[in-house]
Structures are given as C-alpha cells and as structure tokens.
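**Student:** Pasting the sequence and the predicted coordinates here, then a few questions.
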Amino acid sequence: MEPNISVVLLCYRSGEEVRGFVERVKDSLESFEKNWEIVLVGNYFPGTDDPTPDVVRDIADNHPQIRSVVREKEGMMGWDMRSGLYAAKGKYVAVIDGDGQMPLEDVARVYKNLIEGDYDMVKTYRVERNDGIYRKLLSYFYNILFSVLFPGANLRDVNAKPKILKREYLNKMDLKSDDWFVDAEIMIIALRLKMKILELPTTFNEILTRPSFVKPWAVFEFLINLISYRVREFVRNRFKN
C-alpha cells in the first residue's frame, strides 16, 4: 500500500549519530500517522571512511517501513536529495537533513498544515539560527538575491527544511541540480507551477559533531546558478507568451 507520507532523510557522513535521529523521527511519525515510510539517503564517495552507508542499511534492514538509498556519489547534496525524493513512494513527500539542525517536530508541523490547509507545499523558514555568523550572512544575502531575481516569490528562506509537497507536483519537477542549488531549483519550479506555498517559523541548531559542508566557494556557485535560472525562466516565459 502506498504510504501517506514519505520522509527523506539526507544522511551524508552522519555516521552512527543518525540512529538516534531516525528513532526520534519514527516516534514522531507514529504519533500522527501510521502509514509512513522513511527513506535514508546514505550515498558515499568511494575510498572514504564514512560508516554511514552501513549504518543506514542496518537501520532499514531492521524496520519494514524504512528503506535505504545507498549509491556511489555522482554529485553533492542536490544529487543525494534527488535520489531520495524520486525513490520515495508516498502521497506526500518531505525532505529533511539528518544532522539534527532542524527540529524533527517540524516534520509533523509541515505535514499537518499541508493536509489540513489548502496548500501544495509547506516548508519552514529560520527565525533563529545558531550556526555562526558566516552561515547567517550567506543565507541573508542569498535570500535577498533570490527575491531580486524572482520578484513576487515572497519567500523568506529558500533553503530551509523540512519541505513537504504533494506527489503530483514532485512528479512534474524534472530536477537537475547536483549541488547546493537544489532547494532553490525546487522553489523556482514551484513558482512556475503556481503552487500554493506556506512557510512556518523554525529554529536552526548548531552542528556539534562536524564542520559545515557549505564552503566559501558555494557563494559563487549559488550566484551563477541563480543568474542562469533567471535567464532560463525569462526565455521560457518569453517563448510561452
């Protein structure tokens, strides 16, 4: 039977820490929805000492409602997210990082608001961040730039998770991003599809177990991708009209 909700957990280099997070997500899901699945994405680069692939396989092997996606990486975060989203089978599909920065209770919040309200996607926006000044500034200017290039979007926080959307819309999204731009790509396509979107406030926690994966060069990556998509959307709209 098709799950009502699939929760995709991005577990890259989370190691043993992901076990506790999965248990808490599972308990949270059980409190409001019995027909669920969790998809653990444990993609890896060959030759590294990352234990995550074995950890997520072990978790999935011991629970019938948990599945693992473990493949040799062909890209970065965007590639991982796409592999998890398109493996999910639920009527509604949510995605969240498995590092604990986002409160796991947010999965229940976005799901309840989606099924009880007239929305096609529900996501969070970060009103409090505990991940350092660099990440705060990067996010602040990135969201301003997104608003300038895509006026009328009225989005507070493009990259925040969890995001949850209806399966019918996910099936219409031919996502291409292999890198950190995938969150913005999802939102750009959502705007193109005229999806009804709700944002809910949340808190972003500090990662204590590892350094951030978002490096300074990501600023240029974001900028290039945003401009490229702005041009593509302009051309698409021009020819459509």
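**Tutor:** Right, received. Where do you want to start?
**Student:** From here on, just use CA atoms for contacts and neighbour counts.
**Tutor:** Will do.
**Student:** Which helix runs longest in the chain?
**Tutor:** Longest helix in the chain, counting residues (DSSP state H): helix 218-240.
**Student:** quick one: contacts of that one?
**Tutor:** For helix 218-240, contacts defined as C-alpha atoms under 8 Å, 6 or more residues apart in numbering pick out 138, 142, 146, 149, 150, 180, 181.
**Student:** Quick one: buried ones out of these?
**Tutor:** 142, 146, 150, 180, 181 (16 or more other C-alpha atoms under 10 Å).
**Student:** Run through the helices of the chain in chain order.
**Tutor:** 17-30, 52-61, 77-85, 105-116, 133-149, 167-170, 182-192, 218-240.
**Student:** Just name the most buried of the ones you listed.
**Tutor:** Greatest average neighbour count among the helices of the chain goes to helix 77-85 (a mean of 22), per mean count of other C-alpha atoms under 10 Å.
**Student:** Now for residue 193, how many residues are close by?
**Tutor:** 12 (other C-alpha atoms under 10 Å).
**Student:** mind checking how far it is from residue 27?
**Tutor:** 34 Å (C-alpha to C-alpha, to the nearest Å).
**Student:** repeat for residue 72
**Tutor:** On the measure of C-alpha to C-alpha, residue 72 and residue 27 end up 30 Å apart.
**Student:** on that earlier part again, which of the buried ones among the contacts of helix 218-240 lies closest to residue 204?
**Tutor:** Nearest to residue 204 among the buried ones among the contacts of helix 218-240, counting by C-alpha to C-alpha, is residue 142 at 16.7 Å.
**Student:** Residue ranges in the chain under the pLDDT threshold?
**Tutor:** 131-132, 206-219, 240-241 (pLDDT under 70).
**Student:** do that again at 80, thanks
**Tutor:** Where the chain drops to pLDDT under 80, the residues are 1, 99-101, 129-132, 134-135, 137-138, 205-222, 234, 236-241.
**Student:** Identify the residues contacting the residue nearest the centre of the chain.
**Tutor:** Nearest to the mean C-alpha position of the chain, by C-alpha atoms, centre = their mean, lies residue 95 at 4.2 Å. By C-alpha under 8 Å, 6+ apart, residue 95 lies in contact with 7, 8, 9, 10, 81, 85, 161, 162, 163, 164.
**Student:** what separates the first one from residue 41, distance-wise?
**Tutor:** Noted for residue 7: a distance of 11 Å to residue 41, by C-alpha to C-alpha.
**Student:** swap in the last one?
**Tutor:** Distance of residue 164 to residue 41, given as C-alpha to C-alpha: 17 Å.
**Student:** before we move on, what about the second one?
**Tutor:** Taken as C-alpha to C-alpha, the spacing of residue 8 relative to residue 41 amounts to 7 Å.
**Student:** Need the residues touching each of the two.
**Tutor:** 81, 84.
**Student:** Tally up the residues packed near residue 171, please.
**Tutor:** 11.
**Student:** From residue 6, how far out is it?
**Tutor:** Note on residue 171: its distance to residue 6, by C-alpha to C-alpha, is 14 Å.
**Student:** ok, now residue 47?
**Tutor:** 31 Å.
**Student:** Likewise for residue 162?
**Tutor:** The value you get for residue 162 to residue 6, if C-alpha to C-alpha is used, is 12 Å.
**Student:** any residues in contact with both of these two?
**Tutor:** Residues touching both residue 162 and residue 6 (C-alpha under 8 Å, 6+ apart) are residue 94.
**Student:** Can you give me every residue that contacts residue 203?
**Tutor:** Contacts of residue 203 (C-alpha under 8 Å, 6+ apart): 102, 103, 126, 127, 128, 129.
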